[in-house]
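In: Pasting the sequence and the predicted model now:
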Amino acid sequence: MIELTVENLETPALTKAQLAELLFDQIGLNKRESKEMVEAFFELLVQSLVKGEDVRLTGFGTFQVRTKASRPGRNPRTGELIPIKARRVVTFHASSKLKEQVQAAG
C-alpha cells in the first residue's frame with residue numbers, strides 16, 4: 001500500500017491541485033497524468049451521484065444522494081414564513097475504519 005503524507009499543507013483543506021502534486025511527488029506520475037487522474041476520479045464521483053447512485057469507497061465512506069422534502073422555513077431576520085422547495089442533497093457517511101483512524105489521531 002502506498003502511503004501519502006500531507007504534512008506540508010499551507011491550508012487546512014486538501015485541494016485537488018495538492019492531491020495531484022502528492023501523486024506526482026510520491027507515486028511518480030508526471031504532473032499532467034496526476035492532474036488528469038484526480039480530475040477523472042472526481043468526474044466519475046460526480047457522474048455517479050448525478051445518476052442517483054451511491055459511491056462507496058471501502059475503508060473511507062459512502063456518498064449518497066437523498067431527496068429532502070419541501071418544508072416550511074422561516075426568515076431569521078423577519079420571522080416571515082418561507083417555503084423551502086424539495087431538493088436533492090449529497091450526504092457522506094464515514095466508514096467505521098475512517099472513524100477509528102480519526103479517533104486514534106485525536
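Out: Everything's here; your move.
In: Contacts made by the helix ranked longest in the chain with the rest, please.
Out: Counting residues, the longest helix in the chain under DSSP state H turns out to be helix 31-50. If you take CB atoms under 8 Å, 6 or more residues apart in numbering as the criterion, helix 31-50 is touched by 16-17, 19-21, 23-24, 27, 29, 54-55, 63, 65, 90. For the C-beta atoms, the positions are set from N, CA and C on the backbone; glycine is no exception.
In: same question, stretch 54-71
Out: Contacts of stretch 54-71 (CB under 8 Å, 6+ apart): 45, 48-49, 52-53, 83-95, 97-98.
In: Pull out the buried residues from that stretch.
Out: 55, 61, 63-65 (16 or more other CB atoms under 10 Å).
In: then that stretch to PDB, C-alphas only?
Out: Listed next in PDB are the C-alpha coordinates belonging to stretch 54-71 (Å, rounded to 0.1, in the frame of the first residue of the first chain):
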ATOM      1  CA  ASP A  54     -24.300   5.700  -4.100                       C
ATOM      2  CA  VAL A  55     -20.500   5.900  -4.200                       C
ATOM      3  CA  ARG A  56     -18.800   3.600  -1.700                       C
ATOM      4  CA  LEU A  57     -15.100   4.000  -1.100                       C
ATOM      5  CA  THR A  58     -14.100   1.000   1.000                       C
ATOM      6  CA  GLY A  59     -12.300   2.000   4.200                       C
ATOM      7  CA  PHE A  60     -13.300   5.600   3.700                       C
ATOM      8  CA  GLY A  61     -17.000   6.100   3.500                       C
ATOM      9  CA  THR A  62     -20.100   6.400   1.300                       C
ATOM     10  CA  PHE A  63     -21.500   9.300  -0.600                       C
ATOM     11  CA  GLN A  64     -25.300   9.100  -1.100                       C
ATOM     12  CA  VAL A  65     -27.900  11.300  -2.800                       C
ATOM     13  CA  ARG A  66     -31.100  11.800  -0.900                       C
ATOM     14  CA  THR A  67     -34.200  13.800  -1.700                       C
ATOM     15  CA  LYS A  68     -35.300  16.300   1.000                       C
ATOM     16  CA  ALA A  69     -39.000  17.000   1.000                       C
ATOM     17  CA  SER A  70     -40.300  20.500   0.800                       C
ATOM     18  CA  ARG A  71     -40.900  22.100   4.200                       C
END
